[in-house]
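*Asks:* all I have is the shape, not the residue letters:
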Ligand code: MN
């Protein structure tokens with residue numbers, strides 16, 4: 001086949017400790033999925049999970065052992081960090097029951113759902129779509145993928161983010177309102193999942209602003225740390 005314009009590159013997620021990669025397909029994100037974060041955003045109680053999507057090329061892949069860079073984005077004065085456990089789908093499907101959902105997960109990674117909070121807030125107020133606040137270029141830094149089989153404790157793992165060495169976010173993946181299996185159950189009712197789909201599962205409390213020069217280091221027990229500098 002011949003193309004008249006350049007073909008966009010595959011977004012390749014490195015598999016931790018190997019030379020292998022996973023071609024990312026779609027990036028789904030869960031909103032407000034930890035109770036204390038829902039509260040800090042002005043909501044209470046358990047609501048059904050809801051989703052938004054980032055463009056695949058918003059993934060900002062940070063290779064193992066290196067510090068990635070994220071350019072401070074345009075239009076905002078309030079760029080927020082959201083550290084998140086990320087699930088990567090290995091086997092697709094639709095209407096996947098929660099009891100079988102983890103069999104569809106190939107592995108896990110650490111990600112940052114970077115957010116232009118001022119723009120997101122303005123869109124919320126006006127009842128408009130969130131894309132300008134969430135789906136901008138480089139908005140999804142992500143580290144290497146670790147196979148699920150190597151992560152038996154991932155559903156009760158400490159998750160944290162430091163900025164310039166100070167702890168901003170700290171929680172446990174056991175505090176997800178909708179756990180990974182339940183999230184996949186809901187998500188696969190709305191979209192047929194496919195291999196390479198990437199799911200940002202939501203952020204714990206403590207979201208706050210970063211500025212140019214800040215160094216963000218995310219941690220989840222069992223995964224390589226994710227280091228990103230805002231430039
Ligand atoms: Mn998020």
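*Replies:* That came through fine. Everything numeric here is computed off the predicted structure, so don't read it as measured data.

*Asks:* residue 95 and residue 188 touch, don't they?
*Replies:* Yes - proximity of residue 95 to residue 188 meets the contact threshold set by Cβ atoms under 8 Å, at 6.0 Å. The C-beta positions use only the backbone N, C-alpha and C, and glycine is treated the same way.

*Asks:* setting aside sequence neighbours, what's the nearest residue to whatever residue of the chain ends up closest to the ion?
*Replies:* Evaluated by Cβ to the ion, the chain has residue 113 as its residue closest to the ion, separated by 3.4 Å. Nearest-residue entry for residue 113: residue 82, 4.0 Å, with adjacent residues in sequence omitted and distances by Cβ to Cβ, 6 or more residues apart in numbering.

*Asks:* for the one you found, give me its contacts.
*Replies:* Contact analysis of residue 82 by Cβ atoms under 8 Å, 6 or more residues apart in numbering lists 112-115, 203, 207.

*Asks:* pLDDT wise, what is residue 185 at?
*Replies:* At residue 185, the model reports a pLDDT of 98.

*Asks:* burial count for residue 119?
*Replies:* Applying other Cβ atoms under 10 Å, we find 21 residues neighbouring residue 119.

*Asks:* what bridges to the residue nearest the centre of the chain?
*Replies:* When Cα atoms, centre = their mean is applied to the chain, the residue found nearest the centroid is residue 200 (3.1 Å). Beta bridges link residue 200 to residue 29, residue 86 when assigned by DSSP bridges.

*Asks:* correct me if wrong: it contacts residue 113.
*Replies:* Yes - at 5.1 Å, residue 200 counts as touching residue 113 under the criterion of Cβ under 8 Å.

*Asks:* in space, what's closest to residue 99 - neighbours in sequence excluded?
*Replies:* Counting by Cβ to Cβ, 6+ apart, residue 181 is the residue found nearest to residue 99 once chain neighbours are left out, at 7.4 Å.

*Asks:* before we move on, what about residue 177?
*Replies:* Among residues not flanking residue 177 along the chain, residue 33 sits closest, at 5.1 Å (Cβ to Cβ, 6+ apart).

*Asks:* fine by me, thanks again.
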